[in-house]
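no FASTA, just this:
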């Protein structure tokens, strides 16, 4: 028959199963998640077996379910021991001899428990009391086997904890405490006491398994264990609330049944009604406590992102922007310290320009670390110091990592605008002691992207203002004629300043924000989309990308004309860069029905000194144009070493060319192709979105590399060929 204890046991078993399924679904391809699921399922099996054993009323069925009950710990200890070897990284392989021992002993004791009377010999029924089990001759060995496997697993966890630090150490601590408390108390109530003939608490071990659930759930919440996110926060509160109710019910039930043994049924009924009544109040109490003391980052990420977007649109003052960024991050995460580091590319250093709580001086410089820059900053990935220490701590990085640790920095989020690094957001620990979870990192990356654009725009605006002031001073020194010219120059400078301000702030910032939100919607961050909605949003995304490219071209032209365009030269093979671009454009070519062919050189070409990102932009533009203006046919790309004749100053060079079978170029259009805002006569009929800026920017980039760029065509409808040559320095 089902009584209150059975209901509590069943609820505890279901909680274990729920956690096991949740962990598995969040990482079904990971060994550690699979093994934990087996462990949780085994505890569920143990609980259900106890419910069935206690519920049946005949000796034959009691013996059967008792034997089934004693097979469950076999799976629990086996999976726990295996789990202790692979936790927390799944990288370490379990030795074959250990796996063999687990399998052989599990099979042996499973057979003895279920098919013989060596473990369970007989069961004696008692009215209103727990059943008595007569154990067989092998029960002593069974007890040693169960306790021995648990001890073996504890030793593994303790050894790992001694050797570890940071996040891994915290994970191991919580997992060890949870499993140790649950298994030790469970062995006392379900293994040791029955050995001495005391069976009144042989059902308690199943309920005590909740300790394991609570501690591992806490490790998941606080330390990103097994990649489970915010869902586990609410689950842990429910678990703690339920565990509190169960302990209270057990205490009340034991007291009432001792005082009024003749009213056991009514006692259990009253207690059950009482539990259902007070559970909401208990749950709400734990929610308030958790939000106040443990989960300080229970914020609405959408509100945070919307708030910072609105604030950054209001100003072009870089100091106010710094304040907005700090206020937003501090309100969400409650950080102990925060700073903003500006990157100075020429010196390859970071400069502290905003500081709240770090023990550093104003304008203090920090040398950039090349290896960490390549791994994290260049890829626009947040650097988590603990993880960097565990993965990339070596002779090249240790000085930087030690320095950041000494400053008590936990997180570094890149501030990147396309291929340019503006700076870093530096965050110290949270006031609550929480680790930064996955949602925190996603919010930081979005804030970093928005902040980088806002800071870059503010600096460009300030640079333009300073340029205007300097120009005004120079003009005042000139002659009377120059003073007259100054009026015109001032107007032109004001128009230019207004253009840069509008292009970089009023266009670039909202376009990037639109791109971010559309990307989040397409990725399902705000719910699933219908096919029609997804198609429409993809078209909006593509149109927005074209606008962003237009603004970028306009800004590049402004930088070129003002002499502010910076280059980062390095040696590399042009064919490697070309191959990368071809791979990126392969999909768009297939959609257009155009065959993209790369004629790679047979031998490795000499490395040339180029700015990789600038030349990549030129190659991308030329190949993309060839695809756009070719309805059907082939686009062929060549890269080869030549000795050009007629190209002044270039004795040996690497030539890139792209030939298409498209609409061709008329003789009247050829001389004007590389001029600003110039397009072919009929090109707008084929591709309406062109601006006539791409080839002009490409020409400026190539000439800045001391190269030559040109176009060839036999006429209208006969295809075209675009080429450039870069010198082998």
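Now that the structure is in, tell me what you want to look at. All of these numbers come straight from a predicted model, not from anything done at the bench.

for the stretch 101-250 of the chain, what are the low-confidence residue spans?
Applying pLDDT under 70 to the stretch 101-250 of the chain flags the ranges 165-167, 213-214, 216-239.

ranges for the strands of it?
Applying DSSP state E, counting those that start in this stretch to the stretch 101-250 of the chain gives strands spanning 120-124, 132-135.

Could you list the buried residues of the shortest one?
Pointing back at strand 132-135 there. For strand 132-135, burial by neighbour count (16 or more other C-beta atoms under 10 Å) applies to 133, 135. All C-beta spots, glycine's among them, are computed from the backbone N, C-alpha and C.

residue boundaries of the strands in the stretch 601-729 of the chain?
608-611, 633-642, 653-660, 708-712, 720-727.

Taking strand 633-642 as reference, get the angle to the third one.
Compare the direction of strand 653-660 with that of strand 633-642 by axes from the mean of the first three to the mean of the last three C-alpha atoms, to 10 degrees and you get 170 degrees.

do the same with the fourth one
Calculated by the same axes, to 10 degrees, strand 708-712 forms an angle of 140 degrees with strand 633-642.

Which strands and helices lie in contact with strand 708-712?
helix 694-704, strand 720-727 (3 or more C-beta pairs under 8 Å, 6 or more residues apart in numbering; DSSP states H and E).

that older thread, looking at the strands of the stretch 601-729 of the chain, which is nearest to residue 541?
Proximity to residue 541, assessed across these by C-beta to C-beta, is greatest for strand 633-642 (24.7 Å).

who does the closest one pair up with?
Strand 633-642 pairs in its sheet with strand 594-599 (parallel), strand 653-660 (antiparallel), by DSSP bridges.

can you put those strands in a markdown table and add mean neighbour count and distance to residue 41?
Shown next, in a markdown table, are the strands paired with strand 633-642 (neighbours: other C-beta atoms under 10 Å; distance: least, C-beta to C-beta, whole Å):
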| stretch | mean neighbour count | distance to residue 41 |
| --- | --- | --- |
| strand 594-599 | 17 | 51 |
| strand 653-660 | 22 | 59 |
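
what's the spacing between residue 551 and residue 545?
The gap separating residue 551 from residue 545 is 11 Å, by C-beta to C-beta, to the nearest Å.

How about residue 240?
Taking C-beta to C-beta, one finds residue 240 at 48 Å from residue 545.

now stretch 367-385: mean pLDDT?
Per-residue pLDDT values across stretch 367-385 average out to 90.

quick one: buried residues of stretch 27-40?
Quick answer for stretch 27-40 (16+ other C-beta under 10 Å): 27, 30, 31, 32, 33, 34, 35, 36, 37, 38, 39, 40.

Need the residues you listed in TSV (columns: pLDDT, secondary structure and distance to residue 522).
Shown next, in TSV, are the buried residues of stretch 27-40 (pLDDT from 0 to 100; DSSP: H, G, I helix; E, B strand; the rest coil; distance: C-beta to C-beta, whole Å):
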residue	pLDDT	secondary structure	distance to residue 522
27	71	coil	24
30	80	coil	27
31	84	helix	32
32	81	helix	31
33	82	helix	28
34	87	helix	31
35	87	helix	35
36	85	helix	33
37	89	helix	32
38	91	helix	37
39	89	helix	38
40	88	helix	35
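
how far away is residue 510 from residue 13?
54 Å.

do the same with residue 467
72 Å.

more neighbours, the two?
Neighbours per residue, other C-beta atoms under 10 Å: of residue 467 and residue 13, the larger number sits with residue 13, 24 against 16.

The helix or strand hosting that one: which residues count as buried?
Using DSSP states H and E, the element containing residue 13 is helix 4-26. Going by neighbour count (16+ other C-beta under 10 Å), the buried part of helix 4-26 is 4-10, 12-13, 15-20, 22-24, 26.

ranges for the helices of the stretch 51-200 of the chain?
For the stretch 51-200 of the chain, the helices defined by DSSP state H, counting those that start in this stretch occupy 59-86, 96-115, 139-163, 166-187, 193-195.

Quick check: which of the ones you listed is nearest to residue 653?
helix 166-187 (52.5 Å).

could you check the angle helix 4-26 makes with the closest one?
Using the same axes, to 10 degrees, helix 166-187 lies at 150 degrees relative to helix 4-26.

Who are the packing partners of helix 166-187?
So helix 166-187, by 3+ C-beta pairs under 8 Å, 6+ apart, packs with helix 139-163, helix 204-208, helix 210-223, helix 385-392.
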